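Novice: This is a predicted model, with the sequence first.
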There are 4 protein chains.
Amino acid sequence: MTVSRTVELEGHIIDSGTMARCFGAVMDLGGEFDVEAFEVGRHKHEETYCRMEVSAETEADLRAILHELNQNGATIADPRDATLEAAPADQVVPVDFYSTTNHPTSVRIDGEWVPVEEAEMDCALVVENRDNGEPRVRTRVLNAIEEGDLVVTGETGIRVEPPERPRGKGSAFGFMQGGVSSERPSKSLIEEIAQEMREVREADGTVLVVCGPAIVHAGGREALAALVRNGYIDALSAGNGFAVHDLERDLYGTSLGVDTETLEHPRKGHKHHIYTISEIGRAGGIGAAVSEGLVDSGVMYECVENDVPYVLAGSIRDDGPLPDTITDAIEAQDAIRKQAHEADLVLMLSTLLHSVAVGNCLPSTTKTVCVDINPATVTQLLDRGSAQAIGMVTDIGTFLPMLANELLE
Amino acid sequence: MTVSRTVELEGHIIDSGTMARCFGAVMDLGGEFDVEAFEVGRHKHEETYCRMEVSAETEADLRAILHELNQNGATIADPRDATLEAAPADQVVPVDFYSTTNHPTSVRIDGEWVPVEEAEMDCALVVENRDNGEPRVRTRVLNAIEEGDLVVTGETGIRVEPPERPRGKGSAFGFMQGGVSSERPSKSLIEEIAQEMREVREADGTVLVVCGPAIVHAGGREALAALVRNGYIDALSAGNGFAVHDLERDLYGTSLGVDTETLEHPRKGHKHHIYTISEIGRAGGIGAAVSEGLVDSGVMYECVENDVPYVLAGSIRDDGPLPDTITDAIEAQDAIRKQAHEADLVLMLSTLLHSVAVGNCLPSTTKTVCVDINPATVTQLLDRGSAQAIGMVTDIGTFLPMLANELLE
Amino acid sequence: MTVSRTVELEGHIIDSGTMARCFGAVMDLGGEFDVEAFEVGRHKHEETYCRMEVSAETEADLRAILHELNQNGATIADPRDATLEAAPADQVVPVDFYSTTNHPTSVRIDGEWVPVEEAEMDCALVVENRDNGEPRVRTRVLNAIEEGDLVVTGETGIRVEPPERPRGKGSAFGFMQGGVSSERPSKSLIEEIAQEMREVREADGTVLVVCGPAIVHAGGREALAALVRNGYIDALSAGNGFAVHDLERDLYGTSLGVDTETLEHPRKGHKHHIYTISEIGRAGGIGAAVSEGLVDSGVMYECVENDVPYVLAGSIRDDGPLPDTITDAIEAQDAIRKQAHEADLVLMLSTLLHSVAVGNCLPSTTKTVCVDINPATVTQLLDRGSAQAIGMVTDIGTFLPMLANELLE
Amino acid sequence: MTVSRTVELEGHIIDSGTMARCFGAVMDLGGEFDVEAFEVGRHKHEETYCRMEVSAETEADLRAILHELNQNGATIADPRDATLEAAPADQVVPVDFYSTTNHPTSVRIDGEWVPVEEAEMDCALVVENRDNGEPRVRTRVLNAIEEGDLVVTGETGIRVEPPERPRGKGSAFGFMQGGVSSERPSKSLIEEIAQEMREVREADGTVLVVCGPAIVHAGGREALAALVRNGYIDALSAGNGFAVHDLERDLYGTSLGVDTETLEHPRKGHKHHIYTISEIGRAGGIGAAVSEGLVDSGVMYECVENDVPYVLAGSIRDDGPLPDTITDAIEAQDAIRKQAHEADLVLMLSTLLHSVAVGNCLPSTTKTVCVDINPATVTQLLDRGSAQAIGMVTDIGTFLPMLANELLE
């Protein structure tokens, strides 16, 4: 016995790899396909349409195949409304809940396609009613599910739009690039990133910078502070460690006779690290420390002075949290989520961990720049199927000065 | 004008590198030394004694030098009691507080050397009185400091014992090894680790295992579960992700027609991941899920069945926490600290992040085994000056089966 | 003014990614396409056919596009014979020579499609006449070109068959996989590799093993020697260093009272290294050293005893060559080329450098297994567009014993 | 029964780690030591003297210990002349030959200490007579040994001077640094390297640059060419691949309508690679290609125009050698050896392989700068016990422009 279902695909589905992935998913999962209609896009601006019947030996197999096809943009033909089921308890999803991609998605409710708000992967979709009675569909992370929430289940009535290959020549922003080219000249890439930042700024967009402590160690702190001061950065996301290192450089950069620009402290100055946290704590937080003149330079200082909002998240590896640091992982993730959803361009600078947290919340349509000296980090961060991403394997201590030079001169 | 102070060192200070580090610290920090007495240990079991006057141009320079010397085992001659100062506020240390190493340390109070409890690096030392009036000295992490705590300041009256090179031939456990040899045969190293585990078990010691999700991906889960079942593991520390992957393998290992042993799921089964968290949440936690028969195999299952306590810590990268997961970083760190202080042997298996958190809390005297496929991870984890550590760059998916084979056959 | 040309594609060109790459190449290089005919393969065993006109603004642009399309399997419609031009001098190719892929290729001569012998990438194609007057086409590396050789130029009359996605479910051998999964259980993968080796052996095929010195350091030497002894290896390719380390372990494994199994020699025994080369040199080579009983164990010993032919190549990093080592890079490459062309299955074990040399000579149809502890190495080696390749990131010191165990028990 | 011998050490042997290594070697190899005299250097400019009797259970054990002690600077007390033995055949060393370190070494002949010419590690020492009858001692690599050469054997009459920790504060040039600090600001380090280059230039010293192809890919080619043009580089060492990429950028940088600055060629332009070799071959070599105007920019062009000598070495991975490339590994190594011995400062830029070959030939006294984006490469290159080395983990595509900027503005 076989079971089958008909699905449709439309768009630049050949060169974007969509058709290849869909045929592949059917074969990988042991199914069969029967193409009923195929109208190829003859020119590069024409779209292709495909309708095919997909079959499998069991309902479970077919469901797995349809799930994959859906996530790659196929919709079930003869569209019906999405099925909804109430969450049985807080933080519990109904069996067969629909797990989201990070692509633009719509859900069919009462015959209308309702666009999903705030695309984010690995979430549930919850349907609510607006005050005017109109339905809205929101992504909801598991721990935000409440008993009784109407959760979308199955694959019916859901439309996903995976990114399509841009028409025309390639650009610095790669299309769903899985690897990282080290064969592109660093200087040219930095110029393209600067250009992108200028454009976002002119369009009053939001540039979110995600910062790792290596920025401070490698000597990129002053350049980043200058970018904040000159209005190129609209929001900052980092771990507790980045802020402590940035503040420590301000507070103890030349203290005890050790010039930190030229000579490593034998024990890496961990005592200064603790002092910094202690002193900021005594002042009551970073903002207070800036107000009372304790802190007068650096990235965090410029954020306070220029009203650039920041989120600092704690971790179990911290020496101690600053008062500003959110130590609860759920609360911190929610704050990061809000930053991610508001960003038009995200610069991930030398931090795998915080960047993964931000990247988890990003829709695939947000432009992303990942800079790290470790190619494995860049590859992992780009591997979210982002429609427009630049990966650059370079030294943050030379990257930031050259970027600031490009933008500020 | 120069200021000076006399310090003493004693022990196997030449071959342990202590003298080299102390002379180096003086020169690096711009000071001078004048060796007043030097009695070399003539044979390998004889200790060496050195007394030298250290001088610098300013008090601040001298203090920096004395701090380094102290942390390497030098004590200030003509010992006086340690100086104590009350903490001015919660989570704030007095200026010039003493920042700990992870080596055994004693503090001189009323003419007596009181050993510090629970050595841990980058902490303050707090002096309390026992019920019987005897003083005790405890390490206290910054965020646990309370207003009025008597905190040790300066370098006077503090004695540190850095690890000494073991006498005799080298063993698998390296002495303060900074790098990682990939030139030792894997099979022989596994035999030595097994032997160590047998000895700790026979001595009723505590083996703490620190686990990364790669254990599950690479196929080491069953072997680790068998080690737990057979009493070779006494405590487990991990992130939320490890537990979810372990439980997911139990719940969905063969579901939906996809055999996870032989075929990767195209989208990596992230839906199963969420389901797993949701289902364990519905049951009320891992213990409850085992009790009701929902979970019946794997590492977490064996921990529950064999009363092996575990700590699961949350992070901002989690898809959602299990009910058992501690999401507050401070609380989680405290739970990890307790595990670390009780361990006699720590196995760090394929996780940099959680291992760093555990390692931060370990005294330098605890035996440590670090296993990871990334040499940089092993190097970083061994870089705490541990007296006895084995680093092994290998595949956890072949390491654990071979270790279990060695111990269980 | 635009210039244009019509090309055809046929086969499983959608799911193999061929159509996506061809459309992409046209757009990347600034051209246009006009699909004149498109007959989709309706089922998974039906092939797809596409005919399209490709246009560009200049002849040079069009030629660049046609070159890319050709290398991805497109043929110019209305086929004519390939154009041939005599090489103007030794080691000099005619302008616009055809540069090969590593895929099966045919060249049209006098109206007949002649298959190219010994597919290899980045070579020229030279047309010769057999004794019976039939034409033959051979790949010829640049330095083997002789004045007057008839070299294929342009893209006309050349047909390339890039690998197609296998029909049916995925197997351990990935299709053109660019990345490396670390999410597959190591033990299962080893079983699949063993099974492949058994099949090649039963079919009287040739298994070529490419060996790095890490095999000896990590403790995999005895297992590999056992595989050679038991007939699972038919040819060996390595650098001078591998052979020296293997022989040194035989000659000095326990010399001077140092047990090499358990204790590293402080200066890494480089003196033994030189001695080994010196002693084998005195004997007159590896074969002679085996004959006179100087060498009586190890991988090289088993190769000599079991008539397994080997190629050893020298490098500028060698301490000194063995008499068996080919020190001229061109001669060594030719010897490696011969091995590569005869192999049915290639095991690349813990050596990036020698594996790249072998891989450069391999057709895309040869099955390949790459094992290394460094994921970047595995990724780089798989990145040749091989039709069937397994990449495994593991420890050679545990991999080889487990593989031998699987095959020999 | 025990055997024993008395050895002496002198110099800054405590803070340089020499005493620690010597005591450690005795214990590691199962011996005993009895310190007969120890006069500590009281101030930082005073030297320490140690005389100790070393004993072991067998002659073989003692010999192993003495070998280690010798290589770390210990000399056998009551000095006698070195023992010499004739090499039994070409490329064969006598049993118990002395294997060199890369430190300054002297050999006692007829009661005189004769300094060894051209220190290089893992070589033999051959004693010859000058025309005036004076003895000379030269390092000789194994394959250069000729039958009858008088080779030094044993450890008697040999004095090694391992590098000593510089007095005073630390500098950018680290002392025998095993690891690599990523915690130093990139810009400051580049300034220190520039300063070093200026000093060598002013002293009419020789700067040898060792180049990898990544210089061209990452966009550092023009900056390096400018450094050659302005006299900051005195010799160049590279593989065939570097020269081909440099020349290809000159010949085909904008050919076929593809602007290599901004757009990657889909198949990486391998055809251009072959063309480049073919065209340079047609011209008769790089010098001829410059003379006839075929090549008019780039690093190789500037070398030819400014009479900067270069060595290009072939490898089995080359697509085809340029006429200038030395394809025989022994010949190439000899040419590299000559370059290495003449250099006062060596810049190793983004090439592990060629740098290892150069580093193998360097005395430990030559200043070395290693720049690579991969920390493992930098660590491996610094791991030769060099007295003065700077390791920098950075992007060559930003490093070279910033270095040229520093030196040329």
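Specialist: Noted; the coordinates are in hand.
Novice: in a helix, that's where residue A:356 is, yeah?
Specialist: Yes - following the definition DSSP: H, G, I helix; E, B strand; the rest coil, residue A:356 is counted among the residues of a helix.
Novice: Return the residues in contact with the residue of the stretch 151-300 of chain A found nearest chain B.
Specialist: Among all residues of the stretch 151-300 of chain A, residue A:271 sits closest to chain B, at 4.1 Å; criterion: CB to the nearest CB. Placement of C-beta: from N, CA and C, glycine included. Residues counted as contacts of residue A:271 (CB atoms under 8 Å, 6 or more residues apart in numbering or on different chains) are B:67, B:99, B:122.
Novice: of the residues you listed, closest to chain C?
Specialist: Within these, distances to chain C taken as CB to the nearest CB reach their minimum at residue B:122, with 32.2 Å.
Novice: thinking again about what came up before, can you dump the C-alpha atoms of the strand or helix carrying the residue of the stretch 151-300 of chain A closest to chain B in CSV for me?
Specialist: Using DSSP states H and E, residue A:271 maps to helix A:270-283. What follows is the C-alpha trace of helix A:270-283 in CSV, where atoms were taken according to Å, rounded to 0.1, in the frame of the first residue of the first chain:
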residue,chain,number,x,y,z
HIS,A,270,43.1,38.2,36.4
LYS,A,271,43.2,40.3,39.6
HIS,A,272,42.3,43.4,37.5
HIS,A,273,39.4,41.4,36.0
ILE,A,274,37.9,40.9,39.5
TYR,A,275,38.6,44.4,40.5
THR,A,276,36.8,45.7,37.5
ILE,A,277,33.7,43.8,38.3
SER,A,278,33.9,44.8,41.9
GLU,A,279,34.4,48.5,41.1
ILE,A,280,31.5,48.6,38.5
GLY,A,281,29.4,46.8,41.1
ARG,A,282,30.3,49.4,43.7
ALA,A,283,29.2,52.2,41.3
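Novice: hmm, the helix or strand immediately after it in the chain touching chain B?
Specialist: The helix or strand immediately downstream of helix A:270-283 is helix A:286-291, counting by DSSP H and E. No - using CB under 8 Å from any CB of the partner chain as the criterion, no contacts between helix A:286-291 and chain B are found, and the smallest distance is 12.7 Å.
Novice: Tabulate the CA atom coordinates of the helix or strand just after helix A:286-291 in CSV.
Specialist: Toward the C-terminal end, the helix or strand that comes next after helix A:286-291 (DSSP H and E) is helix A:299-305. Taking Å, rounded to 0.1, in the frame of the first residue of the first chain, the C-alpha atoms of helix A:299-305 are listed here in CSV:
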residue,chain,number,x,y,z
VAL,A,299,33.1,50.5,23.7
MET,A,300,30.7,50.3,26.7
TYR,A,301,31.5,53.9,27.5
GLU,A,302,30.5,55.0,24.0
CYS,A,303,27.3,52.9,24.1
VAL,A,304,26.3,54.7,27.3
GLU,A,305,27.2,58.1,26.0
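Novice: Tell me how chain A divides into domains.
Specialist: In the domain annotation for chain A, the residue ranges read A:1-77, A:79-162, A:179-408 (automatic domain parsing).
Novice: Which residues does the helix ranked longest in chain A contact?
Specialist: Ranked by number of residues, the top helix in chain A under DSSP state H is helix A:186-202. For helix A:186-202, contacts defined as CB under 8 Å, 6+ apart pick out A:171-173, A:206-207, A:231-232, A:344-345, A:347, A:367, A:369, A:390, A:392, A:394, A:399, A:402-403, A:406-407, D:218-219, D:261-262, D:395, D:397-398, D:401.
Novice: Endpoint to endpoint, stretch A:146-159 covers what distance?
Specialist: For stretch A:146-159, the first and last residues are 25 Å from each other (CA to CA, to the nearest Å).
Novice: what comes up buried for it?
Specialist: Buried residues in stretch A:146-159, counting neighbours by 16 or more other CB atoms under 10 Å in any protein chain shown, are found at A:149, A:150, A:151, A:152, A:153, A:154, A:155, A:156, A:157, A:158, A:159.
Novice: about what we covered before: restricted to strands, list the contacts of residue A:271.
Specialist: Using DSSP state E, no member of these falls in strands.
Novice: Tell me where the model's unsure across chain A.
Specialist: Across chain A, the ranges flagged by pLDDT under 70 are A:169-172, A:175-183, A:254-270.
Novice: follow-up on the earlier one: in helices, which of the contacts of residue A:271 fall?
Specialist: When helices are assigned by DSSP H, the members of those inside them are residue B:67.
Novice: Out of the contacts of residue A:271, flag the one nearest to chain A.
Specialist: Nearest to chain A, judged by CB to the nearest CB, of these is residue B:99 at 4.1 Å.
Novice: And the nearest residue to the closest one once chain neighbours are set aside, how close does it get to residue B:141?
Specialist: Closest residue in space to residue B:99, ignoring its immediate chain neighbours: residue A:271 at 4.1 Å, by CB to CB, 6 or more residues apart in numbering or on different chains. Applying CB to CB, to the nearest Å, the value for residue A:271 to residue B:141 is 14 Å.
Novice: out of the contacts of helix A:186-202, which are inside strands?
Specialist: In strands, judged by DSSP E, the following of the contacts of helix A:186-202 are found: A:207, A:345, A:347, A:367, A:369, A:390, A:392.
Novice: biggest separation within the residues you listed, which pair?
Specialist: The most widely separated members of the ones in strands among the contacts of helix A:186-202 are A:207 and A:392, with 16.2 Å between them, by CB to CB.
Novice: could the buried residues of stretch A:146-159 be laid out in TSV, adding distance to chain B?
Specialist: Output for those, formatted as TSV (distance: CB to the nearest CB, whole Å):
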residue	distance to chain B
A:149	13
A:150	16
A:151	11
A:152	13
A:153	12
A:154	12
A:155	11
A:156	16
A:157	18
A:158	14
A:159	18
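Novice: Of these, which belong to strands?
Specialist: Secondary structure of those is defined by DSSP E; positions in strands are A:150, A:151, A:152, A:153, A:158, A:159.
Novice: Kindly report the residues of the stretch 251-400 of chain A close to chain C.
Specialist: With the criterion set to CB under 8 Å from any CB, the stretch 251-400 of chain A comes near chain C through A:375, A:376, A:379.
Novice: Neighbours of residue A:292, how many?
Specialist: 10 (other CB atoms under 10 Å in any protein chain shown).
Novice: my read: it touches residue A:283, true?
Specialist: Yes - counting by CB atoms under 8 Å, residue A:292 does reach residue A:283; the two are 5.9 Å apart.
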